[in-house]
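> below are the sequence and a predicted model for it; my questions follow.
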Amino acid sequence: MKDEITRDERIDNLKGMGCSRKRVEDARFTQGKGNYVDDVKLDGMLFGDFVRSPYAHARITNIDSAAALEVPGVLAVLTAKDLEPLGLHWMPTLAGDKQMVLADGKVLFQGQEVAFVVAEDRYAAADGIEAVEVDYEELPVIVDPFESLKSDVILREDTVDENGRPTDGAHGPRNHPNHIFTWEAGDKAPTEEVLANAEIVAEESMYYHRTHPCPLETCGCVASMDKVNGKLTLWGTFQAPHAIRTIVSLISGIEEHNIRVISPDIGGGFGNKVGAYPGYVCSVVASIVTGKPVKWIEDRMDNLMTTAFARDYWMKGKISATKEGKITGLHCHVTADHGGFDACADPTKFPAGFMNICTGSYDIPTAYLAVDGVYTNKAPGGVSYRCSFRVTEAVYFIERMIEVLAIKLNMDAAELRRINFIKKEQFPYKAALGWEYDSGDYHTAWDKALKTVDYEGLRAEQAQRVEDFKAGKTRKLMGIGLSFFTEIVGAGPVKNCDILGLGMFDSCEIRIHPTGSAIARLGTISQGQGHATTFAQILASEIGLPADSITIEEGDTDTAPYGLGTYGSRSTPVAGAATAMAGRKIRAKAQMIAAYLLEVHDNDVEFDVDRFVVKGAPERFKTMKEVAFAAYNQAIPGIEPGLEAVSYYDPPNMTYPFGAYVCVMDIDVDTGVPDIRRFYALDDCGTRINPMIIEGQVHGGLTEALAVALGQEIAYDDMGNCKTGTLMDFFLPTAWEVPNYETDYTVTPSPHHPIGAKGVGESPHVGGVPCFSNAVQDAFRAFGNTHTNMPHDHWRIWKTANELGLHD
Ligand code: PCD
Ligand SMILES: [Cu+]
């Protein structure tokens, strides 16, 4: 048979790996045909909403629901007393702590859930909330973690013994009632010795402020208990639907096969939707109690004030080097503000996430890290926002320490990075704080970045600008922000990564239909990343069927294989690998079928793009489509009918994406307004599946980085009032603030991933925040600035200029 099309055309037709295939999900998203949790509408569905605490710390002496129950449409008011007999007034957190579902005698943060009002609709629920009378007795409020560790106010009475002494926590002994854990990595004594004897030591304290992912769609769920069939269905904004099913089963006692968890379309997750919230538990209970479906959807204030915040890390660093700038040691101490409950979603063995990646991209021989987790009167959460596992904090820390060291050495910060990079030939590289970096080529990426932006030219321009400023010719300073980051994504190897005892593998199950199209289901769940587009591309290249003929389905626990969900940029490193491996199983079986059809031995056919070809006789072949049909209609000796495969993939290691970013910024010294002139981002995420999607991910992550670095924050006053609970106060960048991003790449495949891919979703945020921050700080370097804390909003930038005497 003669080919009608060329081999290259056959490759193009698959729209496989490396193709900027248009996102298949966008047809529905752009036409209002998405199906989000709030779109779920069931017969007789009720609405539940919370009475929330106006106080940050108070004892609750009485809750009176009588008047609320008189409100037309209100059916029930649940309080901790109602949940207690069911053992549901507290729930376990992903961090091994426990959290009140409804206030049990006291509240620990403003906005905490006190009672759950169930009504016929949202409006009646709101009226009911107003009518619930709660008596509070105010208690002293602690919003500062350092104060908390000194205070004799015990925040969590449930964590102390009868003498008021702290009982052991999930991560070992606690030294104060408000202390949660101490977590250490690296070698303390040798690091201290290196620092004590070093030629140069730079020190800095920095605060990575509290912020919030603020996804477009807030959190919510619909719980529907079908008492006749004993089945509970729970739709929700879940980034980890299977884990939620297991948790619901464990705490409710309903057998897991009788629970179906569905994550429909999700309007952005960013880590905000990983944890389990009281709203889920209350909705389930309310559905069981009323026998009707119950919906709970947060409003924007609920979301900003009470669900998983991010960061809130006080970091103290010391870095030592030789006079020539070779780094010899790094010491980091973190005081981590976790709020009222420790509800971080880290792998169990990592209470401070992967903060121990804080040696960054540098070959640092000796290092030590200690993190103290602390309770305060703020909302719980602590792990989310485009880096679930504290890599943003780690990279911010090291990229600031490098700048501070450069100042101390009076050296160029780009050069300081270059002489300390881990070299290409050192990979796999074992870092001082324990991780083994899989692959990297930092020098190539750095040189490419600096060359593209004409780094030397920029520095010359900057020097001239300083002269002009001093001469009174301009009021604008110029900052050059640099950052070189190493991410750690793809949690993770089951040997050291689990959440609540569930190993962090992931999965893919493929069914090939007789006509040569397919469905693949995964244990992950897209929240906008475009999985339906990209995972089909992986498969297209693996099995030779066009991506357009492959449906990707995620998020329904009744159909999808078990997986740990989507966060920590783990989908590509883990589920993406499972997809490739399942595809290879399909191919292996297909090869036997093809060999049978071609009447040759298995080993005499080989796979080529979309077909199996007889070796040495390319005109004799069977396409994957033909093989698929044969799998269902031919009786082949020794081979079962059908063509399906499943793979559960336990990654041997994390993947370590990296990147080189440069930001050029002009700062108006008199108004404090920064103007981003240029932003260049080079990302290396190994093998690239869909370049267009990667670019979109980078744009999104950089925009969130801009937000965090330049103004976004969750701030509290001394009384524990959240000052930034609305979008009036919480900065969300718009097209107005966002610059034109220039994206670039290098490709350094992961050696252990079946297709060499690393994650990319979090990278731009991880690398972007220090880059924007470094640009601001660098503008003031010539005037004696070493470090100022984020967010660099106009006021704070103005203040820096003022303190440096630039307004005199
Ligand atoms: N090499 C490569 C890599 C990757 N990719 C692509 O890209 C994406 C992404 O990916 P990754 O990196 O793997 O990631 P994932 O897992 O999927 O996801 C996750 C991430 O993602 C990001 N991005 C995004 N986007 C959107 N749209 N939305 C959202 O929400 C979001 N989120 C964010 C976050 S925050 Mo966390 O949660 O905090 O932890 S984490 C995160 C997808 O689609 C994939 O396929 C490609 O293509 N290639
Ligand atoms: Cu990360």
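The structure has been received and is ready for your questions. Numbering: from 1, shown residues only. Ligands and ions are numbered 1, 2, ... in the order given.
> so what's the closest residue to ligand 1 within the stretch 201-350 of the chain up against?
Scanning the stretch 201-350 of the chain for the residue nearest ligand 1 gives G271, at 2.5 Å (criterion: C-beta to the nearest ligand atom). The way it works is simple: take the backbone N, C-alpha and C, and place the C-beta from them, glycine included. Shown in contact with G271 (C-beta atoms under 8 Å, 6 or more residues apart in numbering): P213, Q239, A308, A310, A345, V383, S384, Y385, R386, C387, S388, Y567.
> state the pLDDT value of the closest residue to it other than its chain neighbours.
In space, and not counting its chain neighbours, G271 is closest to S384: 2.6 Å by C-beta to C-beta, 6 or more residues apart in numbering. If you check S384, the pLDDT there is 77.
> one more: S388?
Reading off the model, S388 has pLDDT 74.
> A336 reaches L369, doesn't it?
No. Counting by C-beta atoms under 8 Å, A336 stays clear of L369, with 11.7 Å between them.
> buried ones in stretch 774-784?
N774, A775, V776, Q777, D778, A779, F780, R781, A782, F783 (16 or more other C-beta atoms under 10 Å).
> I676 belongs to a strand?
Yes. Residue state for I676 (DSSP: H, G, I helix; E, B strand; the rest coil) corresponds to a strand.
> return the distance of it relative to G768.
Distance, I676 to G768, using C-beta to C-beta, to the nearest Å: 11 Å.
> hey, what's in contact with both of those two?
L706.
> those two: which is more packed in?
Using other C-beta atoms under 10 Å, the more surrounded residue of I676 and G768 is G768, with 32 against 20.
> bridged to I63, which residues?
V134 (DSSP bridges).
> quick one: residues contacting it.
T79, V114, A115, V132, E133, V134, D135.
> would you mind listing what in this structure touches ligand 2?
Taking C-beta under 5 Å from the ion as the contact definition, the chain meets ligand 2 at C387, V391, E762.
> which ones among these map onto helices?
In helices, defined here by DSSP state H, the members of the residues of the chain next to ligand 2 are V391.
> want to throw the residues of the chain next to ligand 2 into JSON lines with neighbour count?
Formatted as JSON lines, those follow (neighbours: other C-beta atoms under 10 Å):
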{"residue": "C387", "neighbour count": "31"}
{"residue": "V391", "neighbour count": "27"}
{"residue": "E762", "neighbour count": "28"}
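> can you give the contact residues for stretch 441-458?
Taking C-beta under 8 Å, 6+ apart as the rule, stretch 441-458 contacts 361, 414, 417-418, 421-424, 480, 484, 658-662, 664, 678, 680, 682, 684, 742, 744, 746, 748.
> which parts of the stretch 101-250 of the chain are helices?
Assigned by DSSP state H, counting those that start in this stretch, the stretch 101-250 of the chain shows helices spanning 122-131, 145-150, 188-196, 241-252.
> distance from the chain centre to the helix or strand following the last one, please.
Moving toward the C-terminus from helix 241-252, the first helix or strand encountered (DSSP states H and E) is strand 259-262. For strand 259-262, the distance from its own C-alpha centre to the chain's C-alpha centre is 23 Å (C-alpha atoms, centre = their mean, to the nearest Å).
> output the longest helix belonging to the chain as CSV, restricted to C-alpha atoms.
Across the chain, the longest stretch assigned as helix under DSSP H is helix 577-598. Presented in CSV, the C-alpha positions along helix 577-598 are these (Å, rounded to 0.1, in the frame of the first residue of the first chain):
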residue,chain,number,x,y,z
ALA,A,577,4.2,9.8,33.7
ALA,A,578,1.3,7.4,34.5
THR,A,579,-0.3,8.4,31.2
ALA,A,580,2.8,7.7,29.2
MET,A,581,3.3,4.3,31.0
ALA,A,582,-0.4,3.3,30.5
GLY,A,583,0.0,4.3,26.8
ARG,A,584,3.1,2.0,26.6
LYS,A,585,1.1,-0.9,27.9
ILE,A,586,-1.5,-0.3,25.2
ARG,A,587,1.2,-0.2,22.7
ALA,A,588,2.8,-3.4,23.9
LYS,A,589,-0.5,-5.3,23.5
ALA,A,590,-1.2,-3.6,20.2
GLN,A,591,2.1,-4.7,18.9
MET,A,592,1.2,-8.4,19.6
ILE,A,593,-2.1,-7.9,17.8
ALA,A,594,-0.4,-6.2,14.8
ALA,A,595,2.2,-8.9,14.6
TYR,A,596,-0.6,-11.5,14.5
LEU,A,597,-2.4,-9.5,11.8
LEU,A,598,0.7,-9.1,9.7
